[in-house]
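J.: structure for the following, please:
(2 chains)
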Number of protein chains: 2
Amino acid sequence: MTESAFERLDDVVHQRTRLGVLTILAEVKSASFTYLRDELDLSDGNLSRHLRVLEDAGLVSITKSFKGRTPLTTVKATKAGRKALADHLSALQEMINRVQGESA
Amino acid sequence: MTESAFERLDDVVHQRTRLGVLTILAEVKSASFTYLRDELDLSDGNLSRHLRVLEDAGLVSITKSFKGRTPLTTVKATKAGRKALADHLSALQEMINRVQGESA
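T.: Numbers count the residues shown, from 1 in each chain, chains lettered A, B, ... in the order given. Down below sits the predicted model:
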């Protein structure tokens, strides 16, 4: 049964766009708003909304600055964000292993 | 970059409850409504709603019968449902491998 792995899935992290953001931030350490938007093929509004959820949950930190005269928004995973992603992926891995064990 | 794996994530399958249902159905071949509800700790209404989404997408088939005088609802993954889950888990596995590759 997948009960315990399923119960460990966190809706804040699991939502598709947010899982994509956290996964990229695990790879690149920090990313611009524009990079995340283009990489995940999102609208500005959609990405903003999900970044706010992640920031409110303490999973990412967002810094606003300027590159010349252009505003630059930089997003980083926090330590809690990295842990939440790792825990989530570990639960997903457990679910995957069980399904694949059944079909083997 | 996780773009291609991310793009392969299907919202119908990815949603937490539906992923849980499909994962159980991959393990047990068929399950009663009651079993799914208890195993995933859901309300009747919540499970019904998500089963309808899965049925409309052709990912599960639902049979209503009686066990003695008690109505019995049985849920099975369709062939398309098994494939959708397998494809989804494969995309998730790719994302997991990339994150774990980065942190190794």
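J.: residues from chain A in reach of chain B?
T.: By Cβ under 8 Å from any Cβ of the partner chain, the residues of chain A that approach chain B are A:1-3, A:6-7, A:9, A:11, A:14, A:16, A:19-20, A:23-24, A:26-27, A:39-41, A:85-86, A:89, A:92-93, A:95-96, A:98-100, A:102-103. Using the backbone N, CA and C atoms, a C-beta is placed for each residue, glycine as well.
J.: of those residues, which belong to helices?
T.: Under the assignment DSSP state H, these contribute A:3, A:6-7, A:11, A:14, A:16, A:19-20, A:23-24, A:26-27, A:39-40, A:85-86, A:89, A:92-93, A:95-96, A:98-100, A:102-103 to helices.
J.: of the residues you listed, buried ones?
T.: Among these, those classed as buried by 16 or more other Cβ atoms under 10 Å in any protein chain shown are A:6, A:14, A:19-20, A:23-24, A:26-27, A:39-40, A:85-86, A:89, A:92-93, A:95-96, A:98-99.
J.: quick one: mean pLDDT over stretch A:30-49.
T.: Averaging pLDDT along stretch A:30-49 gives 96.
J.: which helices and strands sit right next to the worst-scoring helix or strand of chain A on mean pLDDT?
T.: Across the helices and strands of chain A, the lowest-confidence element by mean pLDDT, DSSP states H and E is helix A:3-7, at a mean of 79. Helices and strands touching helix A:3-7, by 3 or more Cβ pairs under 8 Å, 6 or more residues apart in numbering or on different chains; DSSP states H and E, are helix A:79-103, helix B:16-28, helix B:33-40.
J.: distance from stretch A:25-45 to the middle of the chain?
T.: 10 Å (Cα atoms, centre = their mean, to the nearest Å).
J.: show residues contacting that stretch.
T.: A:17, A:20-21, A:24, A:47, A:50-51, A:60, A:72-77, A:81-82, A:85, B:1-3, B:6-7, B:98-99, B:102-103 (Cβ atoms under 8 Å, 6 or more residues apart in numbering or on different chains).
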